[in-house]
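Chemist: Here you go, sequence then predicted model.
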Amino acid sequence: MAVNSMRVLAVQSSYSHQWLINQSLFVPQSHHLLILLITPQAWRMLSRSFMTPDSNKSLLAYTPMLHARMFSETPKFREAHFQPLHEPLISHSSSSTPHEPSSLFLDGNPSLDRPLFVQFCANDPGELLHAAKYVSPFCDAVDLNLGCPQGIARKGKYGAFLQEDQTLIYNLINKLHNELDVPITAKIRILDTREKTLEYAQMVLKAGASILTVHGRTREMKGHKTGLADWSVLRYLRENLPRDTVIFANGNILKREDIDKCLEETGADGVMSAEGNLYDPAIFAEAPGKGMEGREYWRGKDGEGGWRMDAVLRRYLDIIHTHVLRTSPPPRKPLYLPSDPIPAPADEMNINGKREQERGEEEPAKKKQKKGEKKEKTTSPNLIAMQAHCFKLLRALVGKHTHIRDALARSRAGDVDAFENVLQMVEKVVGEGIREYIETEGGSYEEELERDERFKAAKAKEVSGKGIEKELDKAEMDESSVETVKNCKRPWWVVQPYVRPLPKEALQKGSLTLSKKEKAKLESSVTALKDENGKGKVEKEILGNGNGDVDENREREIVEIPKEGLVCG
């Protein structure tokens, strides 16, 4: 699976490597640690469902980034974002005091969700410690996010916007290193130079971070300016930090094959995937062997394939039913295979996903919501994140089948019936797509490739600020998004990564505009783009709720936090 066997590592903290082995964080076998980042518990379960029992031991998951101040002072916020027990978290409890199995719910449940790191953003050591003590009994470590590049992080002074205040960063980490009963880890972004990044990493480790995760992009690299992560900086850190330093690599992980490549080029001890996992939750799993595909995995005539979108979406909804709602999933028919008989027209789904023959006079009409009547909003983080997760998972499919995109857009958090409707529509079109592929002997997919705009360009060109056209050299073409798309592209019914255009390509298309200063900088480096006006998607929360956690005499304060589903890394 990886090029080298797992090294036995000691960490720069009071926690020995043997402690990490005992907690199942490191398994000294013939592969490295795999890490999926910042996803709600149901999605973490979905990702784990594709792994074997043995490989699951090497899959470490992180929670979404939690705002430490909101988490420590607002019970409602805690309940809406972290659910380890059936009852709300109202006080700190000791990690050494086990909870009754019957009281355990989702987050950090030993039977469902371990190993797990809980990730916070913070700018006050006391607030971070107070928040961390709530979660420490239910996780294997607490992680400080120093990588979030969103505009809301700039405004709130957390994430990557703390990197100018390294004294504060030291104090945040050191406070938890000295006073928390589980390890503290940290995730950073690279700085402008290798030397500055090395000094930054050394400070984080000196403060007491047990594990260092490094995202190979700078703070400015996001959105259309994302560009490629620089793995050479991670290799530089590996060669210049003490050999017992545990390093996780992050960035450029689009598909399963990228994991081994990253381990080899960086020398890291583990590989983290954030966005890649959101588009393909099976990114860490091995593909079934030829002839073993079953109904969930599709393989084309060229031998390439992937997990079917209808199968993955069905697994996801079954997890929502079983573990979040604690109900049985609805009865389901087997997913379509080309060897199955073609269903009669009466059995076909209509656009609303209802079987026509099941709709008769006996079926009660759906009650219409009264005008002005407000439907109660769900507070479950797993239900709130469903729509965002489904849009990423189904990106290639809904781009072709816009009626499914529209149905998904109308699906509201907590309305699982609406998502079941989307699933039925997805199952129908996936079956049709596979059937057409078989009947045309792959011709339908070849036609799709011919229509792809990013494949049509035989040569990529850039226009300089002076209007002079220059052809990109071959080395640059090899790193372009066009080449990456060719390697990642699969039929629309198969889960697949989303490949962002590189900054130069986005500039050519007009989707990215730069200032004169930025254009000059782009001439010398694709990966050094200045973002002047980045804004993240946010929602507002009221600090405290009058339940005794906050001084009632203190004025209520509004805090802005990233919305559920937003990847901050």
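Modeler: Structure received.

Chemist: ok, residues contacting the longest helix along the chain?
Modeler: Identified as the longest helix of the chain according to DSSP state H is helix 416-439. Helix 416-439 has contacts (CB atoms under 8 Å, 6 or more residues apart in numbering) with 298, 300, 308-310, 313-314, 317, 320-321, 325, 330, 335-336, 338, 342, 348-349, 351-353, 383, 386, 390, 394, 397, 401, 403-404, 407-408, 410-412, 444-445, 491-493. All C-beta spots, glycine's among them, are computed from the backbone N, C-alpha and C.

Chemist: how close does Asp165 sit to Leu146?
Modeler: Look at Asp165 and Leu146: by CB to CB, to the nearest Å, they are 11 Å apart.

Chemist: what's the burial count for Arg44?
Modeler: Close neighbours of Arg44, defined as other CB atoms under 10 Å, add up to 25.

Chemist: can I assume it sits in a helix?
Modeler: Yes - counting by DSSP: H, G, I helix; E, B strand; the rest coil, Arg44 is found in a helix.

Chemist: what's the neighbour count on Pro75?
Modeler: Neighbours around Pro75, by other CB under 10 Å: 18.

Chemist: Kindly report the same for Leu212.
Modeler: 24.

Chemist: One more: Pro149?
Modeler: 25.

Chemist: That one reaches His215, doesn't it?
Modeler: No - taking CB atoms under 8 Å as the definition, Pro149 is not a contact partner of His215, at 9.1 Å.

Chemist: hey, what's in contact with both of these two?
Modeler: In contact with both Pro149 and His215: Arg189, using CB under 8 Å, 6+ apart.

Chemist: follow-up on the earlier one: packing partners of the following helix or strand past the longest helix of the chain?
Modeler: Later in the chain than helix 416-439, the nearest helix or strand by DSSP states H and E is helix 443-451. Contacts defined by 3 or more CB pairs under 8 Å, 6 or more residues apart in numbering; DSSP states H and E place helix 443-451 against helix 416-439.

Chemist: Mean confidence (pLDDT) on the helix it packs on, please.
Modeler: Averaged across helix 416-439, the pLDDT comes to 96.

Chemist: What of stretch 208-228?
Modeler: pLDDT averaged over stretch 208-228 gives 86.

Chemist: Next, please give the residue ranges for the strands of the stretch 251-400 of the chain.
Modeler: Secondary structure of the stretch 251-400 of the chain (DSSP state E, counting those that start in this stretch): strands located at 270-273, 297-299, 305-307.

Chemist: Between Asp165 and Leu146, which is the more surrounded one?
Modeler: More neighbours surround Leu146 than the other of Asp165 and Leu146, with 27 against 13 (other CB under 10 Å).

Chemist: about what we covered before: reformat the strands of the stretch 251-400 of the chain as a markdown table; add mean pLDDT, mean neighbour count and distance to Leu85.
Modeler: Rendered in a markdown table, the data for those read as follows (pLDDT from 0 to 100; neighbours: other CB atoms under 10 Å; distance: least, CB to CB, whole Å):
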| stretch | mean pLDDT | mean neighbour count | distance to Leu85 |
| --- | --- | --- | --- |
| strand 270-273 | 92 | 26 | 28 |
| strand 297-299 | 96 | 20 | 36 |
| strand 305-307 | 95 | 21 | 33 |
